[in-house]
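Trainee: Mind looking at a prediction? Sequence and model below.
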Amino acid sequence: MTVMQHVWIVLGVLFVFLNIAAGLIWVERRLLALWQDRLGPNRAGPLGLFIVLADTLKLFFKEDWIPPFADKWVFILAPTVVVASVLMGLAIIPFAPGIVVADLNVGLMFFLAMSSLGVYSIVLGGWASNNKYSLLGALRGASQMIAYEVFMGLSLMGVVMLSRSFNLTEIVAAQEKIWYVFLQPVGFIIFFIAGLAETHRLPFDIPEAESELIAGFHAEYSGMKFGMFFIGEYLGISLISAMTVTLFFGGWLGPAFLPPVVWFFLKTFLFIGLFILLRASLPRPRYDQLMAYGWKLLLPLVLANLLITGAVALWLKS
């Protein structure tokens with residue numbers, strides 16, 4: 001592959017996913033309205049589509065205020081960390097044969113490393129704000145994300161055992177006969193729950209629980225700094241959905257009447273819709289309940305899944 005082809009793939013991935021993140025502003029509000037039996041955005045342009053433009057312009061023109069009591073440079077840095085870490089995570093996803101920014105042999109490990117960096121944006125944003133509610137949200141977010149990263153990593157080890165590779169392209173190719181969701185249903189469920197916690201989406205939006213912490217870790221942010229947290233959240237949903245499709249649902253694989261890249265994005269959009277449906281339907285657990293679910297329920301389950309998968313893999317090999 002030539003240098004220019006790589007450049008076009010990088011620009012294409014950035015263009016597509018940044019537009020998906022912007023479009024999800026409208027998609028989420030329309031789907032929430034559908035599931036809650038109301039209209040949703042319907043005044044700004046056809047079907048309310050111009051709400052995306054209105055929200056973007058509003059964020060650009062709001063006062064970009066930095067509190068006088070904040071740690072200025074850390075306060076500015078925090079929102080960029082979340083967007084950068086998610087975009088780096090998108091680099092290793094194979095969207096179709098030959099369409100991948102970086103086809104790494106340790107692609108899965110790279111994804112886990114980049115998802116771990118996301119916790120820094122919450123911690124730095126909450127700490128630099130010098131606000132007790134922001135700090136409480138940051139501490140909640142740090143413990144939640146670090147805990148659920150453990151379960152996320154362990155839930156993927158069954159996939160690694162079955163495919164014998166950390167390379168995402170090879171993992172997709174290994175699902176040509178059967179998707180791993182049928183061989184690793186427990187791993188899939190735990191990965192998806194951990195993905196919800198990592199992106200701190202409802203019902204796991206404990207770091208920004210508005211009824212308890214005003215807006216949590218980003219309470220002091222406004223303008224495009226707040227917008228970057230917002231974009232980072234939607235990019236995170238897209239990344240977890242794309243990874244779920246890649247690891248458990250055969251990636252780009254599908255019947256030949258549609259191109260591979262179309263199959264990939266159709267599956268991804270189904271999971272994005274599921275993220276939004278969960279927001280519309282599930283209540284938020286208490287913080288202690290969230291941590292108890294992880295350590296008392298998910299950890300034993302994921303370790304049992306790992307043990308059984310390893311035993312069966314060894315038995316089949318012998």
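Mentor: That came through, no problem.
Trainee: pull the longest helix from this structure.
Mentor: As far as residue count goes, and with DSSP state H defining each element, the longest helix of the chain is helix 3-35.
Trainee: That one: which residues count as buried?
Mentor: The neighbour-count check on helix 3-35 (16 or more other CB atoms under 10 Å) flags 9, 13, 17-18, 20-22, 24-33 as buried. From N, CA and C alone the C-beta is placed, and that goes for glycine too.
Trainee: same check, this time on stretch 102-121
Mentor: Counting neighbours by 16+ other CB under 10 Å, stretch 102-121 gives 104, 107-108, 110-112, 114-116, 118-121 as buried.
Trainee: so how far is it off the chain centroid?
Mentor: Computed by CA atoms, centre = their mean, to the nearest Å, the separation of stretch 102-121 from the middle of its chain amounts to 12 Å.
Trainee: average pLDDT for it?
Mentor: Here the mean pLDDT over stretch 102-121 is 88, rounded to a whole number.
Trainee: Just the residues contacting it, thanks.
Mentor: By CB atoms under 8 Å, 6 or more residues apart in numbering, the residues outside stretch 102-121 that reach it are 78-82, 84-86, 88-89, 91-92, 94, 141-142, 145-146, 149, 152-153, 156, 160, 165-169, 171, 198, 229, 232, 236, 243, 247.
Trainee: quick revisit: just checking, next helix/strand downstream of the longest helix of the chain?
Mentor: helix 51-61 (DSSP states H and E).
Trainee: Give the other helices and strands that that following helix contacts.
Mentor: Counting contacts by 3 or more CB pairs under 8 Å, 6 or more residues apart in numbering; DSSP states H and E, helix 51-61 is packed against helix 3-35, helix 223-248.
Trainee: now those in a markdown table, with mean pLDDT and distance to residue 137?
Mentor: Converted to a markdown table, the helices and strands packed on helix 51-61 look like this (pLDDT from 0 to 100; distance: least, CB to CB, whole Å):
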| stretch | mean pLDDT | distance to residue 137 |
| --- | --- | --- |
| helix 3-35 | 86 | 21 |
| helix 223-248 | 89 | 12 |
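Trainee: on that earlier part again, tell me which of the contacts of stretch 102-121 fall in helices.
Mentor: Taking DSSP H, the ones among the contacts of stretch 102-121 that sit in helices are 78-82, 84-86, 88-89, 141-142, 145-146, 149, 152-153, 160, 168-169, 171, 198, 229, 232, 236, 243, 247.
Trainee: of those, buried ones?
Mentor: Neighbour-count burial (16+ other CB under 10 Å) applied to the ones in helices among the contacts of stretch 102-121 gives 78-79, 81-82, 84-86, 88-89, 141-142, 145, 149, 152-153, 168-169, 171, 198, 229, 232, 236, 243, 247.
Trainee: Now do the SS call for residue 101.
Mentor: The assignment at residue 101 comes out as coil when based on DSSP: H, G, I helix; E, B strand; the rest coil.
Trainee: my read: it touches residue 94, true?
Mentor: No. No contact is recorded between residue 101 and residue 94 when judged using CB atoms under 8 Å, the distance being 9.4 Å.
Trainee: neighbour-wise, which of these two wins?
Mentor: Under the neighbour definition other CB atoms under 10 Å, residue 101 and residue 94 were set side by side, and residue 94 has more, 24 against 19.
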